[in-house]
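just coords:
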């Protein structure tokens, strides 16, 4: 998109004009908190709760980083950002990290001067239809009218998908998600398309959620993850390994509930390394030895975070799917902590 | 005489004229006077019949009022429980709950001071006005943001809700007014340099939409200052809104200045008043009085325009309502939220407009 070019040019200009600032890690320690950019409200990812705190799986990445750096997951301050200003906020140093359901793409990773620190949610675009339509697959959607948000990559992905499959469709576009859902619910279109996590959340808003189903096809890859500034590798490492530690903990079976016991009794060398009982993992990151213990104790492992915010027992009710551990057939594959 | 002259006979009575009094008369005159008026009346009645009962049923009859969770909203109608449960957030945003008294205190000081100005006999009006214009913003700033006198610091990203909306609108308008007056005078100045600067400023800011101003302040501005040097986002938005509003007010006030007859300017000069004295003592009091409707109009427009700060990630009243609607436990109550927002904005704007009518009547001295 056009504004990205502007951003890139401006970011480049700023980058050339200035010497590299001192590391984000030093700034964060001096400030005493992690300034984390989140969304203005995306169910299960980052949304306010009734006491004014932010919750969600994106928020928990920020909390994990704070736990690793300060030993206290609450030493985070949140900056709600709109989609348009999120990268500027990071580039300009207004925030230390961005954890705002941001898709990892080549352009963002390179031209925008950003670095992605990992993936905390594998999303992808899907379709929702009424069960009584009798549609079983997205390839049967020829001639359907599709409700979609205007000006999003969702709209472009959908166009690509229908064109690639030689099918006709009729887009019914709206500006806001609430409008799209209302139109779909009122029967103004046959199909509603957005990211699968979004479909799950928006489904709750329908009059009769049980009368709708999500088709099996996923037509785009949306790996969402935390973002840091390019060139600040120490800080990037801390964010990356904070995320990995949560996933690794799940693989090792370490939870916020049993982490204290595990610390005393674990025999598995990998678990011992993760919990800081062997090796110099914390020192290599420039953190204390109990950095990962603090993450797991205060925030939980990845599975706990997932279940807490978007899992089957929440109103959003998303099965693990691609976000299951690699040992369970998912894509969550933590790099070895050693 | 067989052919007797016909006896005097009364002509038959004319029918009585159509009633023009009473309910029937009024209806006949206003609703059914011609066939097309009758058709319009019937159409309007049908529309009301179609629209009003469902709305009343949704908003009142079938609505859920009690409870504290989403499960309390099982009925067909509106779920006002959502508004009730989130009301504190809608008003204060994410301002810490234990510190909300500071917002209340700030609002109370403002209301009490403003209220004294309503009483014609209140003796220290001038002092209160001076305090409101110069002292209050400082007091309010330190009260709201803290970090002095043992108050904990509440950074501006935590400001939100109706509180933030009012901060934006009031600061935007109060600070824009003096700038606007200066700009209006500057535009009518005989000094070409001053005039050119004022014209350029006004036309530039009036020529761009507010959303662009906010976007520049939030997205582009940080890219042009050194990395690490960040200005508060709220402050950036406030300055943008203020300058934008000043340009509009300048044109409103210029309209008032032009309406003052030339004799007033000459009279002031004849009294030996210099430029500023002539303006402050003679011209501006008359001009500003004339443009009260215009100024209030701008203020109402600004109050509603502040909702645009949503696009730069400030959670104002409307933004907070939308954010609350994304809580997984409260999905699906967007309509209630928007109706509530509309209602509150209507109450505020209607109040302002009534106040401006009162002001006009009070200051009306006839010209």
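Nice, I can see it. Because the structure is predicted, anything quoted here is derived from the model rather than measured. Numbers count the residues shown, from 1 in each chain, chains lettered A, B, ... in the order given.

Just give the number of residues close to the nearest residue to residue B:116 once chain neighbours are set aside.
The spatial neighbour of residue B:116 that comes closest, neighbours along the chain excluded (CB to CB, 6 or more residues apart in numbering or on different chains), is residue B:122 at 4.8 Å. The C-beta positions use only the backbone N, C-alpha and C, and glycine is treated the same way. With neighbours defined by other CB atoms under 10 Å in any protein chain shown, the count for residue B:122 comes to 11.

Shouldn't residue B:122 be within a helix?
No - applying DSSP: H, G, I helix; E, B strand; the rest coil, one finds residue B:122 to be coil, outside a helix.

Contact residues of the stretch 101-250 of chain A facing chain B?
Contacts of the stretch 101-250 of chain A with chain B, taken as CB under 8 Å from any CB of the partner chain, map to A:178, A:201, A:202, A:204, A:205, A:206.

State the helix or strand in which the second one lies.
Counting by DSSP states H and E, the element that carries residue A:201 is helix A:196-203.

can you count the residues close to residue B:316?
26.

so where is chain B shaky, pLDDT-wise?
Residues of chain B meeting the criterion pLDDT under 70: B:1-6, B:227-230, B:365-367.

can you give me the strands in it?
For chain B, no strands are identified by DSSP state E.

Domain boundaries for it, per the record?
B:72-95+B:154-363, B:97-153 (automatic domain parsing).

Pull out the buried residues from stretch A:84-91.
A:85, A:86, A:87, A:88, A:89, A:90, A:91 (16 or more other CB atoms under 10 Å in any protein chain shown).

now the helices for the stretch 101-250 of chain B?
B:125-130, B:136-145, B:161-187, B:192-207, B:210-215, B:233-259 (DSSP state H, counting those that start in this stretch).

mind putting the ones you listed in TSV, distance to residue A:334 included?
Listed next are these as TSV, based on distance: least, CB to CB, whole Å:
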stretch	distance to residue A:334
helix B:125-130	65
helix B:136-145	42
helix B:161-187	40
helix B:192-207	53
helix B:210-215	39
helix B:233-259	36
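
Put together a markdown table for those, with mean neighbour count and distance to residue B:330 on each row.
Shown next, in a markdown table, are the helices of the stretch 101-250 of chain B (neighbours: other CB atoms under 10 Å in any protein chain shown; distance: least, CB to CB, whole Å):
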| stretch | mean neighbour count | distance to residue B:330 |
| --- | --- | --- |
| helix B:125-130 | 13 | 43 |
| helix B:136-145 | 16 | 28 |
| helix B:161-187 | 22 | 16 |
| helix B:192-207 | 14 | 39 |
| helix B:210-215 | 18 | 28 |
| helix B:233-259 | 21 | 26 |
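
Need the ones you listed in JSON lines (columns: distance to chain A).
Below are the helices of the stretch 101-250 of chain B laid out as JSON lines (distance: least, CB to the nearest CB, whole Å):
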{"stretch": "helix B:125-130", "distance to chain A": "34"}
{"stretch": "helix B:136-145", "distance to chain A": "14"}
{"stretch": "helix B:161-187", "distance to chain A": "10"}
{"stretch": "helix B:192-207", "distance to chain A": "20"}
{"stretch": "helix B:210-215", "distance to chain A": "7"}
{"stretch": "helix B:233-259", "distance to chain A": "7"}
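
out of these, which comes closest to residue B:101?
Closest approach to residue B:101 among the helices of the stretch 101-250 of chain B (CB to CB): helix B:136-145, 9.9 Å.

residues in contact with stretch B:297-313?
A:40, A:79-82, A:84-85, B:164-165, B:168-169, B:172-173, B:210-211, B:214-215, B:217-219, B:233, B:237, B:241, B:245, B:248-249, B:252, B:316-319, B:322, B:345, B:348-349, B:352-353 (CB atoms under 8 Å, 6 or more residues apart in numbering or on different chains).

What residues of that stretch count as buried?
Here stretch B:297-313 shows B:297-300, B:302-303, B:305-313 as buried, counting by 16+ other CB under 10 Å.

that older thread, in JSON lines, list the residues of the stretch 101-250 of chain A next to chain B along with distance to residue A:53 and neighbour count.
Formatted as JSON lines, these follow (distance: CB to CB, whole Å; neighbours: other CB atoms under 10 Å in any protein chain shown):
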{"residue": "A:178", "distance to residue A:53": "24", "neighbour count": "18"}
{"residue": "A:201", "distance to residue A:53": "19", "neighbour count": "28"}
{"residue": "A:202", "distance to residue A:53": "23", "neighbour count": "25"}
{"residue": "A:204", "distance to residue A:53": "21", "neighbour count": "19"}
{"residue": "A:205", "distance to residue A:53": "23", "neighbour count": "19"}
{"residue": "A:206", "distance to residue A:53": "28", "neighbour count": "19"}
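
got those residues as JSON lines, with distance to residue A:285 columns?
As requested, those are exported to JSON lines (distance: CB to CB, whole Å):
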{"residue": "A:178", "distance to residue A:285": "42"}
{"residue": "A:201", "distance to residue A:285": "34"}
{"residue": "A:202", "distance to residue A:285": "39"}
{"residue": "A:204", "distance to residue A:285": "39"}
{"residue": "A:205", "distance to residue A:285": "42"}
{"residue": "A:206", "distance to residue A:285": "45"}
